[in-house]
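Novice: Prediction below, plus the sequence it came from.
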Amino acid sequence: MKIVAQRNYDTDLDSVQQEPLDARSRHLRRLILRAIENGGRGHIGPSLSLVEIVRVLYDEFVRHDPANPRWPGRDRFILSKGHGCLALYAVLADRGFFPVEALDRFCRFDSFLGGHPETMVPGVEACTGSLGHGLSIGLGMALAARMSGRDSKVYVVMGDGEINEGSVWEAAACADKHGLANLTAVIDYNKIQSAGSVFEIQSMEPLADKWRSFGFRVFECNGHSVDGLRRVFQATAAAPPDRPRIVICHTVKGKGIPVAENNPAWHHRTALSASDLSAIHGALGD
């Protein structure tokens, strides 16, 4: 499925599609597959478009302590598009918040790893899944940090379909009002909602201009380029501390698994066939 953008982006969409995955990105995708195979279901497409975003944030920007997940001085990360939780679980397990073996019980009755993240999971800051709520939660956390004199930063990752919700824009207006420079919103802009193209269902273009009109400093990047993500998050941190930031990450739904890429049918899967699993393992070099 070819996704045709309705404007000229600073980031070339063909380069996003063709961005190669390094060994660490493939490793994290294998952890996602491990959970899917054992749990028998999951939101594959929305998780695979997130991997590099979550990876770079936790590897280099989100201040955290896996041995003390509730450390008061930590930064806060909220996955507002909670259905993409497999990417978050893979990174949290890889960073040592909980044993990697816990992924084997994903979505089982005896597991703390459900189909949407809950605060019982070490490292998860908010229960998400009802779309449109994450930015409001992050707004409150950013305000609380400032009122408490903490230098904690708050990162909120949203989906592109999710930003159809009016509550997102209410939170954006409030973040601008309070000049929350410690709040960085991130959009996983893979351009496919659960039922199809965002341009056909509810286009939000011109997306960057909308966020600028709400007072945000706007950045765009290739959401699968580790170097590009590193540069853009460094730029958000270095920007004047006067207003909130947003990073629009151009991504590919299902990135790394050709059969799933840009394919709405892979938004959520419950019964992967032997040929599906073979295609996934082959794409990851197993």
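Specialist: Perfect, thanks for sending it. Everything quoted here is computed from the prediction, not taken from an experiment.

Novice: Just the buried residues of the helix ranked longest in the chain, please?
Specialist: Longest helix in the chain by number of residues (criterion: DSSP state H): helix 23-39. Using 16 or more other C-beta atoms under 10 Å as the test for burial, helix 23-39 gives 25, 26, 28, 29, 31, 32, 33, 34, 35, 36, 37, 39. For the C-beta atoms, the positions are set from N, CA and C on the backbone; glycine is no exception.

Novice: Report how many residues lie close to residue 164.
Specialist: Burial measure for residue 164: 17 neighbouring residues, criterion other C-beta atoms under 10 Å.

Novice: What pairs with whichever strand or helix holds residue 218, parallel or antiparallel?
Specialist: Under the criterion of DSSP states H and E, residue 218 resides in strand 217-222. Strand 217-222 has its sheet partners listed here by DSSP bridges as strand 245-250 (parallel).

Novice: hmm, who's touching the strand it pairs with?
Specialist: Identification of contacts with strand 245-250 by C-beta atoms under 8 Å, 6 or more residues apart in numbering yields 9, 11, 13, 16, 53, 181, 183-189, 207-208, 211, 216-223, 229, 232-233, 236, 239.

Novice: Helices - which of the residues you listed land there?
Specialist: Among those, the ones falling in helices (DSSP H) are 13, 16, 53, 207, 208, 211, 229, 232, 233, 236.

Novice: Save the residues you listed as a markdown table, and put in neighbour count and pLDDT too.
Specialist: Listed next are those as a markdown table, based on neighbours: other C-beta atoms under 10 Å; pLDDT from 0 to 100:
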| residue | neighbour count | pLDDT |
| --- | --- | --- |
| 13 | 18 | 74 |
| 16 | 24 | 92 |
| 53 | 26 | 98 |
| 207 | 21 | 97 |
| 208 | 18 | 96 |
| 211 | 25 | 98 |
| 229 | 24 | 98 |
| 232 | 22 | 97 |
| 233 | 23 | 98 |
| 236 | 19 | 97 |
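
Novice: Any chance of a markdown table for the residues you listed, columns distance to residue 61?
Specialist: Output for the ones in helices among the contacts of strand 245-250, formatted as a markdown table (distance: C-beta to C-beta, whole Å):
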| residue | distance to residue 61 |
| --- | --- |
| 13 | 25 |
| 16 | 21 |
| 53 | 11 |
| 207 | 23 |
| 208 | 21 |
| 211 | 20 |
| 229 | 9 |
| 232 | 10 |
| 233 | 5 |
| 236 | 9 |
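
Novice: Closest one to residue 267 out of the residues you listed, please.
Specialist: For these, the residue nearest residue 267 by C-beta to C-beta is residue 53; the value is 17.8 Å.

Novice: Return the residues in contact with that closest one.
Specialist: By C-beta under 8 Å, 6+ apart, the contact list for residue 53 reads 87, 157, 186, 188, 223, 229, 249, 251.

Novice: ok, now residue 251?
Specialist: 16, 49, 50, 52, 53, 188, 189, 190, 223, 224.

Novice: Next: residue 253.
Specialist: Neighbouring residues of residue 253 by C-beta under 8 Å, 6+ apart: 45-46, 48-49, 190-192, 260-264, 266-267.

Novice: Any figure for the gap between it and residue 127?
Specialist: In this view, residue 253 and residue 127 are 24 Å apart by C-beta to C-beta, to the nearest Å.

Novice: same thing with residue 17?
Specialist: On the measure of C-beta to C-beta, residue 17 and residue 127 end up 33 Å apart.
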